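**Student:** show me the folded form of this:
(chains A and B)
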Amino acid sequence: MKKYPLYIVSMAVLAILQHFLFSRLVILGASPDLLAVFVAYVSVIIGQRTGIIFGFSAGLLAGFLSGDPGLAALVGTLEGFIAGFFHVSPESHPTMVKKRRMFYFGAATAIAAGNLLHTLLSNPLALPAWLRIPSVMVIGTASSLFFAVLAYQLALKKILKD
Amino acid sequence: MLSIIRFIARHSAYLYFLLFSGLSILIMQLQRKETLEAIRTNGMAANAAVSERLTGFGDIFSLRNENERLLLQNARLFSKVIREDTALRDARNLNDLIRRDSTRVGRIMLARIVDRRFSPLDNMLVINAGSRDGIEKDMAVLSPDGLVGRVTAVSENYARVMPVINKDFKVSVVSDSSSTLGVLAWKGGNDYMAHLENVPSSSRLKVGERLTTSDHSTFAVRGIPVGRVARISGSKLFSDVDVRLSVDFPSLSYVLVSASKPSREKLEIMNGGESAAPAKPALKRK
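**Tutor:** Okay, here's the model as predicted:
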């Protein structure tokens, strides 16, 4: 409960970073999604319901910056919901290895689902659909997972130990 | 009733998902409404403002290239101005248009001043272009304002330039309207004033006349601006003429090096050589 203000501040900072920095790293129409990694983390560690709320809020925030709050909120909600299935309950006294594995699986599944939904609902861009969907699914998920690993190694590992 | 509550508690995550998904879809539908449209527009405006600043930040790194591109363009325009200016003067003086060939400034190279030594007596410049860039000794060094000096020593990547404001520097100049010839020299002191020597008292030279390099120069093609007559004081045989130089030496950071020089044959003749003209090959008679 004490960490919620920290999560909210982190969410706001990540939304700004995502919009002005990471969304510019576009490779074949896909870019890494830091907010998705964050939502997946919250959902896996705290729980599915909290993940859904944070996913919705983070999506809404990012959407106001990008100009499409509805779609971004829906994608965030889905990511929180999907990652919640990999929730690690503290009552089960999970090991660090399990926490890490569940976080990676949760993040990968949630990001892939979010990318798919976003690609299907957003307007078609330069690439044709047959090429756009796989490229966004693979490249978007892979690049986001890269940041998930980076985030875990740099900060989340220490937080999870505490 | 209890079972319904128990069911809801057990599947609350699904209900949350449905609730927030519904909210998101509602927002998607309401995005066309005026209030949300205003929020959306303001968000886009803030985003555009930040993006513009981020893009502008990147431009700083390309300023140097842009500056050099503009300087090269300036050099090309300057060479054109000198050519056309000289051609105009030739036409006015009814000179033979063929002589215009000797006024070609030719290829102009851009160089940056990397070292300088300014003193009341002895001035010297070092530029970042050398023999590798095609620089040779005795090439004329210019700026868009006029003559800067001449190349006196060349290494592979650098060249030393003796500027007009050096006591050893002399250049033959001609005045614009009265066509008075003289030799420009610098005697120390101000870095913007030089002296015109060998001007007879009988000449029609006037204050304000523009001086350019003449055909008699041994290193510079004619027509390069040098300065303007600032003061003429009389004496018995020769006038004492002060010239305000057209180049602002303290603020000079880039220079142009003109690749063309007066013809070697002409220089040999001027220096008194008797074998300047190439020997004609004997005609073969069949």
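
**Student:** name the helices or strands packed onto the helix or strand residue B:66 falls within?
**Tutor:** For residue B:66, the host element (DSSP states H and E) is helix B:63-92. Counting contacts by 3 or more C-beta pairs under 8 Å, 6 or more residues apart in numbering or on different chains; DSSP states H and E, helix B:63-92 is packed against strand B:108-117, strand B:254-258. For the C-beta atoms, the positions are set from N, CA and C on the backbone; glycine is no exception.

**Student:** what's the angle from that helix to strand B:108-117?
**Tutor:** Helix B:63-92 and strand B:108-117 are oriented at 110 degrees to each other (axes from the mean of the first three to the mean of the last three C-alpha atoms, to 10 degrees).

**Student:** let me have the helices and strands packed on helix B:63-92 in JSON lines, extended by distance to residue A:115 and mean neighbour count.
**Tutor:** JSON lines is the format used below for the helices and strands packed on helix B:63-92 (distance: least, C-beta to C-beta, whole Å; neighbours: other C-beta atoms under 10 Å in any protein chain shown):
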{"stretch": "strand B:108-117", "distance to residue A:115": "51", "mean neighbour count": "16"}
{"stretch": "strand B:254-258", "distance to residue A:115": "52", "mean neighbour count": "23"}
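
**Student:** between the ones you listed, which one is closest to residue B:189.
**Tutor:** Proximity to residue B:189 (C-beta to C-beta) singles out strand B:108-117 among the helices and strands packed on helix B:63-92, at 16.3 Å.

**Student:** using PDB, write out every CA atom in stretch B:180-196.
**Tutor:** Provided in PDB are the C-alpha atoms of stretch B:180-196 (Å, rounded to 0.1, in the frame of the first residue of the first chain):
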ATOM      1  CA  THR B 180      45.800  55.500 -60.800                       C
ATOM      2  CA  LEU B 181      48.300  52.800 -60.200                       C
ATOM      3  CA  GLY B 182      50.200  52.400 -56.900                       C
ATOM      4  CA  VAL B 183      51.800  50.000 -54.500                       C
ATOM      5  CA  LEU B 184      49.900  49.200 -51.300                       C
ATOM      6  CA  ALA B 185      52.000  48.700 -48.200                       C
ATOM      7  CA  TRP B 186      51.500  48.700 -44.500                       C
ATOM      8  CA  LYS B 187      53.700  50.500 -42.100                       C
ATOM      9  CA  GLY B 188      52.500  49.200 -38.800                       C
ATOM     10  CA  GLY B 189      50.000  50.700 -36.300                       C
ATOM     11  CA  ASN B 190      46.300  50.500 -37.100                       C
ATOM     12  CA  ASP B 191      45.100  47.200 -38.500                       C
ATOM     13  CA  TYR B 192      42.600  48.900 -40.800                       C
ATOM     14  CA  MET B 193      44.800  51.600 -42.500                       C
ATOM     15  CA  ALA B 194      47.500  51.100 -45.100                       C
ATOM     16  CA  HIS B 195      49.600  53.300 -47.300                       C
ATOM     17  CA  LEU B 196      49.700  53.800 -51.100                       C
END
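
**Student:** any buried residues in it, and which?
**Tutor:** By neighbour count on 16 or more other C-beta atoms under 10 Å in any protein chain shown, the buried set for stretch B:180-196 is B:180-186, B:191-196.

**Student:** give me the residues contacting that stretch.
**Tutor:** Contact with stretch B:180-196 is made by B:118, B:120-121, B:123, B:164-167, B:169-175, B:197-199, B:203-205, B:209, B:211, B:214, B:216, B:226-227, B:229-230, B:240-245, B:248-250, as judged by C-beta atoms under 8 Å, 6 or more residues apart in numbering or on different chains.

**Student:** and if you look at stretch A:109-122?
**Tutor:** Stretch A:109-122 is contacted by residues A:30, A:33, A:36-37, A:39-40, A:43, A:68, A:71, A:74-76, A:78-80, A:82-83, A:85-86, A:132-133, A:136-137, A:140-141, A:144-145, A:148 when judged by C-beta under 8 Å, 6+ apart.

**Student:** which stretches of chain B form strands?
**Tutor:** Listed in chain order, the strands of chain B (DSSP state E) span B:108-117, B:124-127, B:140-143, B:146-154, B:159-163, B:170-175, B:181-185, B:193-197, B:210-213, B:225-233, B:240-245, B:254-258.
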